[in-house]
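S.K.: Predicted coordinates and the sequence they were generated for:
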Amino acid sequence: MSEDVHLSQISMDFGSFRAVNNVEVTIKPGEFFSFLGPSGCGKTTILRLISGFMDPTEGAIKIGGKDMRGIRPNARPTALIFQNLALFPLMPIWENITFGLEVRGVPKAIRRAKAEELLQLVDLHDSADKRVSQLSGGQKQRVAIARALAVEPKVMLLDEPLSALDLKLRQHMRAELRAIQKRTGVTFIYITHDQGEALAMSDRVGVMSQGVLQQVATPQEIYNNPTNGFVASFVGENNVFTGRVKSVSDGIAVFDTPKGNFSAKLGQNVSVGDTSKLYVRPEFCTLHREADAKANSIAVEVSEIAFEGNFVNVFVKDHSGDTHMVQVQNDPAVPPPALQTSCQMVFNPASCMILAEANTGHSGH
């Protein structure tokens, strides 16, 4: 049902601009894989290369072991879903879904049966004869997915398909998409700039910056063990301290900053003497009355409290006026400290990392 997709050192140049730089990754058959990154990082270009709308300047793309160079989009085992779903308003839903089959000359009765089967799959079994205008945003989304599945692709390519939906529906559709992908077993390659989306849906995530693939790993690994400062700051919130690595023993470094010495895990590509940055997530920080001898402590004062529903973000300022964030569970029995309270922000060496900046792709990797 599904195929693997191997991107072998692909680069894509537009004139003197390099949009994709030496990307190497194998997406497994039946995997839900997301490319995550800010606008202009090259992720949509990668999707267009896989789908065949462009050929890479360098490198090769193989789907199911077969080199795709020179193979037109409609001859590839892929289907592409864009942000704007491009459904046909004058056709009933079932004809929208099987349009690709009609183009291939499949008889009407077979097309209708296939449409009914796919409408069951995407949970729209009573919508075959409706018009596009009668459907909600989320339903149109499902029709687009059914239409892409109708041609029985081995690889489904999705370019930010949920970005037009409101938050509640987006979260619902995440779960839907994931379920459809599991039911069909088709390889999904998903493009998004929304970290929550990538973390919630994917088996693995590839984080991109400026055309370079920074890290490929499971969502948990990306969040808990980011490979560099770019990945850490793009995926989730962080408190960041700049300083210098003084010494290292057993993978734990002493990090000298203007705010004091901290102990932290040492990331890759950072050595003793390097000026670098320490990253610690707000949920790994706690507020205490006194400093903790076994952990990193910094004297702060509570400057702002932001209630977010299931958790509370407590903003604190240190002596030099810099703001940090501590995230605590919303528990009325244990309220956060009041505004202007002086306290210590405490975090464990094991839950913070000293990381190098983003990989620019110029060094061999």
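M.R.: On my side now, so go ahead.
S.K.: residue ranges of the helices in the stretch 1-150 of the chain, please?
M.R.: Remark: helices assigned in the stretch 1-150 of the chain by DSSP state H, counting those that start in this stretch are 43-51, 93-97, 99-103, 108-121, 137-150.
S.K.: Between those helices, which one is closest to A86.
M.R.: Ranking those by proximity to A86 (CB to CB) places helix 137-150 first, at 8.0 Å. For glycine as for every other residue, the C-beta is placed from the backbone atoms N, C-alpha and C.
S.K.: List the neighbouring strands of the next helix or strand after that closest one plus their orientation.
M.R.: For helix 137-150, the following helix or strand on the C-terminal side (DSSP states H and E) is strand 155-159. Partners of strand 155-159 in the sheet, by DSSP bridges, are strand 78-81 (parallel), strand 187-192 (parallel).
S.K.: Make a markdown table out of the ones you listed and add mean neighbour count and distance to A338.
M.R.: A markdown table is the format used below for the strands paired with strand 155-159 (neighbours: other CB atoms under 10 Å; distance: least, CB to CB, whole Å):
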| stretch | mean neighbour count | distance to A338 |
| --- | --- | --- |
| strand 78-81 | 22 | 50 |
| strand 187-192 | 24 | 39 |
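S.K.: Tell me which of these sits nearest to I46.
M.R.: Using CB to CB, those put strand 187-192 closest to I46, at 7.7 Å.
S.K.: Extract the C-alpha trace of the next helix or strand after the closest one and format it as PDB.
M.R.: Downstream of strand 187-192, the first helix or strand assigned by DSSP H and E is helix 195-201. Provided in PDB are the C-alpha atoms of helix 195-201 (Å, rounded to 0.1, in the frame of the first residue of the first chain):
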ATOM      1  CA  GLN A 195       5.000  22.800  16.100                       C
ATOM      2  CA  GLY A 196       1.900  21.600  18.000                       C
ATOM      3  CA  GLU A 197       0.600  20.000  14.800                       C
ATOM      4  CA  ALA A 198       3.900  18.300  14.000                       C
ATOM      5  CA  LEU A 199       4.400  17.000  17.500                       C
ATOM      6  CA  ALA A 200       0.800  15.700  17.900                       C
ATOM      7  CA  MET A 201       0.500  13.800  14.600                       C
END
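S.K.: avg pLDDT for helix 195-201?
M.R.: The pLDDT scores in helix 195-201 average 93.
S.K.: which other residues reach that helix?
M.R.: 32, 34, 36, 162, 170-171, 174, 177-178, 190, 192, 205, 219, 222-223, 234-236 (CB atoms under 8 Å, 6 or more residues apart in numbering).
S.K.: Please tell me how far the residue lying closest to V106 once chain neighbours are set aside sits from A75.
M.R.: Distance criterion CB to CB, 6 or more residues apart in numbering; nearest residue to V106, sequence neighbours excluded, is T98 at 7.3 Å. For T98, the distance to A75 equals 19 Å [CB to CB, to the nearest Å].
S.K.: Between these two, point out the one with more neighbours.
M.R.: T98 (25 against 10; other CB atoms under 10 Å).
S.K.: In contact with the more buried one: list those residues for me.
M.R.: V106, R111, R112, K114, A115, R147, A150.
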